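Novice: got a sequence here, can you build the structure:
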Amino acid sequence: MKPTESINIGKIICNELKNQGRTVTWFAKTLGINRIQCYRIFKSYSIDTITLLKISAVLKVDFFKLYSNLLK
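Specialist: Just a heads-up that it's a prediction; the model follows:
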């Protein structure tokens, strides 16, 4: 199995959003995207680094650690 296949980043982001009690509408507005794009993110197994950086900043979670921990 490839390291990236073991991380469902979209699902993790969606779960974090729910854990923080945030809405998809808030998330979309804060990221400057529409709700449909949010749902695409939630279904994604990979996300470009700029988008992941923005999401990490908005949710105040270092999602990059999930990947770097696989290297250990």
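Novice: mean confidence score for the helix or strand hosting Lys29?
Specialist: Using DSSP states H and E, Lys29 maps to helix 24-31. Averaging pLDDT along helix 24-31 gives 97.
Novice: in it, what's buried?
Specialist: By 16 or more other CB atoms under 10 Å, the buried positions in helix 24-31 come out as Val24, Phe27, Ala28, Leu31. For glycine as for every other residue, the C-beta is placed from the backbone atoms N, C-alpha and C.
Novice: over to stretch 39-51?
Specialist: Across stretch 39-51, burial judged by 16+ other CB under 10 Å covers Ile41, Phe42, Ile47.
Novice: neighbouring contacts of it?
Specialist: Thr4, Glu5, Ile7, Asn8, Ile9, Gly10, Lys11, Ile13, Cys14, Val24, Ile55 (CB atoms under 8 Å, 6 or more residues apart in numbering).
Novice: what's the average pLDDT for that stretch?
Specialist: On average, stretch 39-51 scores 96.
Novice: still on that earlier bit, continuing past the helix holding Lys29, what's the next helix or strand?
Specialist: Trace forward from helix 24-31 with DSSP H and E and the next one is helix 35-42.
Novice: next, the angle helix 24-31 makes with the next helix or strand after that following helix.
Specialist: For helix 35-42, the following helix or strand on the C-terminal side (DSSP H and E) is helix 49-59. Counting by axes from the mean of the first three to the mean of the last three CA atoms, to 10 degrees, helix 49-59 points 120 degrees away from the direction of helix 24-31.
Novice: next structured bit after helix 49-59?
Specialist: Next along from helix 49-59, by DSSP H and E: helix 64-68.
Novice: if we can go back for a sec, hmm, who's touching the helix holding Lys29?
Specialist: Residues outside helix 24-31 that contact it (CB under 8 Å, 6+ apart): Leu17, Asn34, Arg35, Gln37, Cys38, Tyr39, Lys54, Ile55, Val58.
Novice: in PyMOL, how would I select the buried members of the residues you listed?
Specialist: Burial among the contacts of helix 24-31 is assessed by 16+ other CB under 10 Å; the matching PyMOL selection reads:
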select buried, resi 17+38+54+55+58
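Novice: would you mind getting the angle between the helix holding Lys29 and helix 35-42?
Specialist: Helix 24-31 runs at 90 degrees relative to helix 35-42, counting by the same axes, to 10 degrees.
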